[in-house]
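K.L.:
What follows is a predicted protein model with its sequence.
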Amino acid sequence: MVPSVSSLKNLDLTLLAQRLGRLCQQLNVEVTAAESCTGGGIASTITSTAGSSAYFTTGYVTYSNAAKTRLLGVPAAILEAHGAVSEEVVKAMVLGACRDSGAGLGVAVSGVAGPDGGSADKPVGTVWLAWGDTGSQQAECFHFPGDRQAVREQAVRQALAGLVARLDARAKASKKK
């Protein structure tokens with residue numbers, strides 16, 4: 001459903017944000033973002049589009065594990081068992097963000113942007129993303145190449161592309177009804 005990493009490289013962030021906005025308005029859907037390694041990059045990109053306050057009212061930058069627990073309700077036991085960069089954590093992050101904000105669709109991201117912090121299991125460039133709402137969440141792991149800035153930008157691009165893909169699917173499903 002989400003474009004491949006290689007096909008995303010040429011997608012302009014501004015165009016993705018504008019497409020997201022059009023879809024949100026067409027479907028009357030509010031979106032939210034729960035961010036760790038991108039440090040607000042998703043929210044910044046979305047809100048760079050005029051009129052975004054109509055569909056993006058709440059974003060979360062939860063860089064620390066304590067913030068993930070306090071603001072998003074990520075259970076400390078999940079963080080302890082799986083680490084912040086994991087499928088379980090990003091699913092809990094997106095669930096908490098949608099529950100708290102009331103948004104109909106959200107994205108969450110946690111990863112190792114580098115240059116330090118990587119391990120054999122989770123090398124620099126490992127990024128988990130989840131999309132969903134309070135009913136269901138889907139997560140995917142990516143391995144982005146490049147330096148810290150490149151990893152973060154690719155994560156933002158992938159996050160937006162995933163939101164757009166999910167809203168495109170909703171739009172197509174609503175036309176079939």
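P.N.:
Thanks, I have it. Note that the structure is a prediction, hence the values are computed from the model and not measured. Numbering: from 1, shown residues only.

K.L.:
Can I take it that R70 is in a strand?
P.N.:
No. R70: not assigned to a strand; according to DSSP: H, G, I helix; E, B strand; the rest coil it is helix.

K.L.:
And the strands in the chain, which stretches?
P.N.:
Under the criterion DSSP state E, strands of the chain are mapped to 31-35, 58-61, 105-111, 126-132, 137-143.

K.L.:
As JSON lines, the ones you listed with distance to G73 would be great.
P.N.:
The way it works is simple: take the backbone N, C-alpha and C, and place the C-beta from them, glycine included. What follows is the strands of the chain, written out as JSON lines (distance: least, Cβ to Cβ, whole Å):
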{"stretch": "strand 31-35", "distance to G73": "11"}
{"stretch": "strand 58-61", "distance to G73": "11"}
{"stretch": "strand 105-111", "distance to G73": "12"}
{"stretch": "strand 126-132", "distance to G73": "14"}
{"stretch": "strand 137-143", "distance to G73": "13"}
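
K.L.:
Of all those strands, which one is nearest A43?
P.N.:
strand 58-61 (3.5 Å; Cβ to Cβ).

K.L.:
Next, format the strands of the chain as TSV and append mean neighbour count, distance to A173 and mean pLDDT.
P.N.:
Listed next are the strands of the chain as TSV, based on neighbours: other Cβ atoms under 10 Å; distance: least, Cβ to Cβ, whole Å; pLDDT from 0 to 100:
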stretch	mean neighbour count	distance to A173	mean pLDDT
strand 31-35	29	17	98
strand 58-61	19	25	98
strand 105-111	28	14	98
strand 126-132	25	16	98
strand 137-143	17	16	98
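
K.L.:
To A171, which of those strands lies closest?
P.N.:
Closest approach to A171 among the strands of the chain is made by strand 105-111 (12.2 Å; Cβ to Cβ).

K.L.:
Does anything pack onto that closest one? Which helices or strands?
P.N.:
Contacts defined by 3 or more Cβ pairs under 8 Å, 6 or more residues apart in numbering; DSSP states H and E place strand 105-111 against strand 31-35, helix 87-101, strand 126-132, helix 148-176.

K.L.:
Buried residues in the second one, which are they?
P.N.:
Which is helix 87-101. The neighbour-count check on helix 87-101 (16 or more other Cβ atoms under 10 Å) flags 87-98, 100-101 as buried.

K.L.:
My guess is A139 contacts V89. True?
P.N.:
No. Contact between A139 and V89 fails when scored by Cβ atoms under 8 Å: they sit 9.1 Å apart.

K.L.:
Return every residue with contacts to both of those two.
P.N.:
Listed as contacting both A139 and V89 by Cβ atoms under 8 Å, 6 or more residues apart in numbering are W128.
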